[in-house]
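Chemist: Sequence plus predicted model, see below.
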Amino acid sequence: MSLPPLVEPAAELTVDEVRRYSRHLIIPDVGMDGQKRLKNAKVLCVGAGGLGSPALMYLAAAGVGTLGIVEFDEVDESNLQRQIIHSQSDIGRSKAESARDSVLGINPYVNVVLHQERLEAENVLDIFGQYDLIVDGTDNFATRYLVNDACVLLDKPYVWGSIYRFDGQASVFWSEHGPCYRCLYPEPPPPGMVPSCAEGGVLGVLCASIGSIQVTEAIKLLAGVGDPLVGRLMIYDALEMQYRQVKVRKDPDCAVCGENPTVTELIDYEAFCGVVSEEAQEAAAGSTITPRQLKEWIDQDEKIDIIDVREPNEYEIVAIPGARLIPKNEFLMGTALQDLPQDRKIVLHCKTGVRSAEVLAVLKSAGFADAVHVGGGVIGWVNQIEPEKPVY
């Protein structure tokens with residue numbers, strides 16, 4: 001489905017810009033008119049991480065006139081495996097500022113606007129209202145639904161991407177011409193069901209594969225060329241090196257873009273997605289200990305059984321001394337319950353405390369009333385007890 005150009009062309013290109021973008025200008029479908037539209041475009045990237053890195057770099061190289069960056073985080077060493085817009089010297093710096101410097105190093109003709117704040121219901125409409133197109137590089141469900149709903153309410157298109165391990169997805173959501181994200185995923189998955197990249201990992205180069213698709217779609221929308229991924233979901237399997245497409249139809253009963261929408265204003269997206277389930281919150285209430293408390297129990301030789309509910313590859317990177325590994329899924333399936341001791345207090349932990357809280361709820365319902373979990377998980381342990389150990 002071809003669509004009209006999203007923006008009007010700029011008045012002219014300078015001599016320097018003509019030289020810079022010459023390889024675009026000789027493409028008939030882009031040409032002078034298309035390049036002028038890119039120059040006049042205002043594109044916002046939500047996030048300067050795995051997907052935002054290649055997206056920002058190629059949008060800048062393509063000649064998008066104004067690039068906005070929403071990012072509040074700092075560069076961590078673990079980011080550098082995939083977030084190629086940052087470098088070793090940027091560790092500890094603002095990701096937004098690091099990304100801005102890289103963008104200007106690629107193309108000094110780009111106007112970079114920084115929004116160094118967390119994207120929330122209170123500010124999203126004001127920020128999005130300043131741009132023609134949104135490129136979503138977020139990695140959590142609460143922000144994805146926030147981006148979608150804000151774009152529907154503002155009648156703006158956005159390019160979406162998602163990555164996990166060796167798999168990636170991409171699409172264009174524009175409720176005026178097709179489905180929105182909620183048409184594809186009406187409800188978020190149960191809390192803890194889908195691991196984040198921080199929990200499950202991601203092949204670094206996968207970010208470039210999906211990020212480049214996002215930029216390609218952005219250019220097509222801005223210049224009005226080709227057939228954008230509106231109503232289609234692109235799925236990429238890097239292990240098998242296969243791309244396939246799934247048609248996505250507009251849902252007439254969609255809560256936000258349907259015929260009788262029930263979501264007519266922004267909501268509490270953290271509550272909607274349930275960062276931690278109600279059962280896990282109830283289980284953790286009064287049954288959460290600190291890493292320092294666990295260290296005291298270990299030093300005092302308390303009768304405890306420390307259980308790590310992460311995955312084996314995580315356990316190999318760093319582990320709490322004396323902990324044994326039983327992945328979360330074995331608790332959810334019930335296979336781990338029969339091997340738990342009855343004469344020791346069970347102490348659960350994961351990377352940050354989310355997965356262990358979910359397992360704690362399972363144990364409480366199975367009768368292990370005195371079980372506890374470690375708030376902050378192995379990350380908290382390393383930060384407070386063994387700072388010489390690696391984190392991931």
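Modeler: Nice, I can see it. Numbering: from 1, shown residues only.

Chemist: tell me what the lowest-mean-pLDDT helix or strand in the chain is packed against?
Modeler: When each helix and strand of the chain is scored by mean pLDDT, DSSP states H and E, helix 197-200 comes last, with a mean of 72. Contacts defined by 3 or more CB pairs under 8 Å, 6 or more residues apart in numbering; DSSP states H and E place helix 197-200 against strand 158-164. The C-beta positions use only the backbone N, C-alpha and C, and glycine is treated the same way.

Chemist: List of residues touching the strand it packs on?
Modeler: 50-51, 133-137, 139, 144, 147-148, 151, 168-174, 181, 194-195, 197, 200, 202, 206-207, 210-211, 213-214, 217-218, 221, 229 (CB atoms under 8 Å, 6 or more residues apart in numbering).

Chemist: I'd like the average pLDDT over that strand.
Modeler: Mean pLDDT, strand 158-164: 96.

Chemist: which element follows it toward the C-terminus?
Modeler: strand 167-173 (DSSP states H and E).

Chemist: Quick one: mean pLDDT for that next one?
Modeler: For strand 167-173, mean pLDDT rounds to 97.

Chemist: Off-centre distance for it?
Modeler: In terms of CA atoms, centre = their mean, to the nearest Å, the centre of strand 167-173 is found 12 Å from the chain centre.

Chemist: Touching whichever helix or strand comes after it from outside, list them.
Modeler: Using DSSP H and E, the helix or strand that follows strand 167-173 towards the C-terminus is helix 181-184. Residues from elsewhere that reach helix 181-184, judged by CB under 8 Å, 6+ apart: 144-145, 147-149, 160, 171, 173, 233, 248-251, 254-257.

Chemist: Show the pLDDT at residue 267.
Modeler: pLDDT, residue 267: 89.

Chemist: mind listing which of the contacts of helix 181-184 are in strands?
Modeler: Among these, the members found in strands (DSSP state E) are 160, 171, 173, 233.

Chemist: possible to save the residues you listed as a markdown table with distance to residue 189 and neighbour count?
Modeler: Formatted as a markdown table, these follow (distance: CB to CB, whole Å; neighbours: other CB atoms under 10 Å):
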| residue | distance to residue 189 | neighbour count |
| --- | --- | --- |
| 160 | 16 | 28 |
| 171 | 18 | 28 |
| 173 | 18 | 28 |
| 233 | 16 | 18 |
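
Chemist: for these, which one is nearest residue 370?
Modeler: Each of these was scored against residue 370 by CB to CB, and residue 160 proved nearest at 44.5 Å.

Chemist: Kindly tell me how buried the closest residue to that closest one other than its chain neighbours is, as a neighbour count.
Modeler: Leaving out its chain neighbours, the residue that sits closest to residue 160 by CB to CB, 6 or more residues apart in numbering is residue 136, at 4.8 Å. Residues lying near residue 136 (other CB atoms under 10 Å) number 25.
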